[in-house]
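> structure of the sequence below:
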Amino acid sequence: MMMGIIMRSVKLVEMLPFSVMVVMEGSTILLTIWAKTAMTDYDMSPFVFVVYTHVLSSIILLLYSFVFHCRSTSATQQSLFSFGLFVRCFLLGLTGIAVSQNLAFLGLSYSSPILVCAMGLMLPTFSFLLSIILSTVILRRTKTDWRSSSFQAKVVGTIISIMGAIVVELYKGPYIRPSSVLSSSSYSVLFQKAGQYWVFSSPATEHWVLGGILLAGASISVSVWNIIQIGTMKLYPEVEVMKVVSYYSLLGTIQCVIFSLFIERSLSAWKLKLNMDLLLIVLTACFGGLVRSRVHNWCINMKGTHYVPMFKPFGIVFATIFGVSLSANNLHYGSVLGAVVTGVGYFTIMWGQIKEDEDEQCVNHNDQSHLESTNSEAKVPLLEEEIGV
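Predicted coordinates for the structure are as follows:
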């Protein structure tokens, strides 16, 4: 009896991270659709939305860091207020907030949440391409192992992801409706009007294509942010992660304010009312600024670094479900098809990354074992000599 209770408890604990991550992805898509509705139906400016969201998010992060991470050594304080860390946090705020967020929400206002999902899945592709450019072209430090299965998987995944992104960008297909049952005559009509399903046959072509380009630019900016973030944590390991996050969040928010004041000069666009839009800003700031990051860190500590990214393609499922039930006229079969293809490429690249990390860990383990063996062999003669004395 007791053993059965223990086994059930273990299963529940194992299922908890999975359930939490699924809820996180669903909440993200739901907030994205809500933001799209606010910008489309209620003329909310994406720049104003980004500013208010990150102002509130920065305040929450600063209060959280002050309350839970207020203790710091003199070395940490010296690093935190150093010019080098300031420059890196300035770049983190620029790429991770000011550029990426403004491009993302502006692209969302021109497109749809399913396109946001598809271009978000391009993040490993852009990171992979940037790493090749950085390592082989600019730094010329590392030699690429073209024969390794991990590298080949990344190349294949990159090609698949690019193909999926092209499908999302150029082919929309017929509308998805809540109760669409196609008869044989309906199929003939579809084939007769197949030419109308391409993006360039729509009068709002430039908006959809422009939205995809802006979202792709946001993913590239996040890829650059990832590279800078990894380098920052390696250079400043003594500084707590949440303090760095609060630091660059504050700098990025200031950049957003300065940039948006030049774009949105109408005072009416900055006026907030006690309505659902204000609730959207508060929920997005709390969820994106603190809740999601803490949940992701908790899942990473429990399941490893590759656990959280594996749930990102779940956004396609939620975007399709919510798109059908909440805004069917904004969702097409072609968009879902392209997003699914992009998701396949995403998983392929992630598999290659996992394989590469496993190979590196195996090599490091063998090197460490060899080093320990060499050291022990080197110490044996000295011990024998000492015993002999």
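> okay, CA-based contacts and neighbour counts for the rest of this
Fine.
> now His332: phi and psi?
phi -120, psi 160 (degrees, to the nearest 10).
> look up how far Leu130 lies from the closest residue to it other than its chain neighbours.
The shortest distance from His332 to any non-neighbouring residue, by Cα to Cα, 6 or more residues apart in numbering, is to Tyr175 (4.5 Å). Separation of Tyr175 from Leu130 (Cα to Cα, to the nearest Å) stands at 36 Å.
> got it, and Val282?
From Val282 to Leu130 the distance is 34 Å (Cα to Cα).
> got a list of what the residue most central in space within the chain touches?
The central residue of the chain, meaning the one whose C-alpha is nearest the mean C-alpha position (Cα atoms, centre = their mean), is Gly120 at 6.4 Å. By Cα atoms under 8 Å, 6 or more residues apart in numbering, Gly120 lies in contact with 215-216, 219.
> for the stretch 101-250 of the chain, just list every one of the helices.
Secondary structure of the stretch 101-250 of the chain by DSSP state H, counting those that start in this stretch: the helices cover 113-120, 123-132, 149-170, 184-192, 205-235, 241-263.
> packing partners for the last one?
Just to be clear, that refers to helix 241-263. Applying 3 or more Cα pairs under 8 Å, 6 or more residues apart in numbering; DSSP states H and E, one finds that helix 241-263 contacts helix 46-68, helix 83-93.
> and the angle for whichever helix or strand comes after that helix with helix 46-68?
Using DSSP states H and E, the next helix or strand after helix 241-263 towards the C-terminus is helix 276-286. Here helix 276-286 runs at an angle of 40 degrees relative to helix 46-68 (axes from the mean of the first three to the mean of the last three Cα atoms, to 10 degrees).
> check which element follows helix 276-286 along the chain.
helix 292-303.
> report the buried residues of that next one.
292, 295-296, 299-300 (16 or more other Cα atoms under 10 Å).
> identify, from those, the entry nearest to Gly334.
Arg292 (30.2 Å; Cα to Cα).
> look up how far Thr284 lies from that closest one.
10 Å.
> cool, and Ile159?
Note on Ile159: its distance to Thr284, by Cα to Cα, is 33 Å.
> show me which of the two is the more surrounded one.
Taking other Cα atoms under 10 Å, Ile159 and Thr284 do not tie; Thr284 has more neighbours (25 against 16).
> for that one, give me its contacts.
31, 53.
> quick one on the thing from earlier: closest to Gly26 among the buried residues of helix 292-303?
Arg292 (11.8 Å).
> looking at the helices of the stretch 101-250 of the chain, spot the one closest to Phe90.
Taking the helices of the stretch 101-250 of the chain one by one with Cα to Cα, helix 241-263 is closest: 5.9 Å.
> tilt between the closest one and helix 205-235?
Using the same axes, to 10 degrees: helix 241-263 against helix 205-235 is 150 degrees.
> can you list contacts of helix 241-263?
47-48, 50-51, 54-55, 58, 61-62, 65, 69, 89-90, 92-94, 96-98, 233.
> if we go to 6 Å?
The contact list for helix 241-263 (Cα atoms under 6 Å, 6 or more residues apart in numbering) reads 47, 51, 54, 58, 61-62, 89-90, 92-94, 97-98.
> tally of neighbours for the nearest residue to Ser45 once chain neighbours are set aside?
Spatially, and ignoring its direct neighbours in sequence, Ser45 is nearest to Met39 (6.3 Å; Cα to Cα, 6+ apart). Met39 sits with 20 neighbouring residues when counted by other Cα under 10 Å.
> do Val155 as well
20.
> tell me the pLDDT of it.
You'll see Val155 listed with a pLDDT of 93.
> then Val380?
33.
> quick check: end-to-end length of stretch 302-317?
25 Å.
> please point out which parts of that stretch sit buried.
In stretch 302-317, counting by 16+ other Cα under 10 Å, buried: 307-309, 312-317.
> grab the nearest non-local neighbour of Gly343.
Nearest one to Gly343, counting by Cα to Cα, 6+ apart, is Pro313 at 5.7 Å.
> pipe the buried residues of stretch 302-317 into TSV and attach distance to Ala35 and pLDDT per row.
Putting those into TSV (distance: Cα to Cα, whole Å; pLDDT from 0 to 100) gives the following:
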residue	distance to Ala35	pLDDT
Tyr307	27	87
Val308	24	87
Pro309	23	89
Lys312	19	91
Pro313	20	90
Phe314	19	90
Gly315	15	89
Ile316	17	89
Val317	18	88
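> JSON lines please, covering those residues and showing secondary structure and distance to Val257.
Formatted as JSON lines, these follow (DSSP: H, G, I helix; E, B strand; the rest coil; distance: Cα to Cα, whole Å):
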{"residue": "Tyr307", "secondary structure": "coil", "distance to Val257": "34"}
{"residue": "Val308", "secondary structure": "coil", "distance to Val257": "31"}
{"residue": "Pro309", "secondary structure": "helix", "distance to Val257": "30"}
{"residue": "Lys312", "secondary structure": "coil", "distance to Val257": "29"}
{"residue": "Pro313", "secondary structure": "coil", "distance to Val257": "32"}
{"residue": "Phe314", "secondary structure": "helix", "distance to Val257": "33"}
{"residue": "Gly315", "secondary structure": "helix", "distance to Val257": "30"}
{"residue": "Ile316", "secondary structure": "helix", "distance to Val257": "32"}
{"residue": "Val317", "secondary structure": "helix", "distance to Val257": "34"}
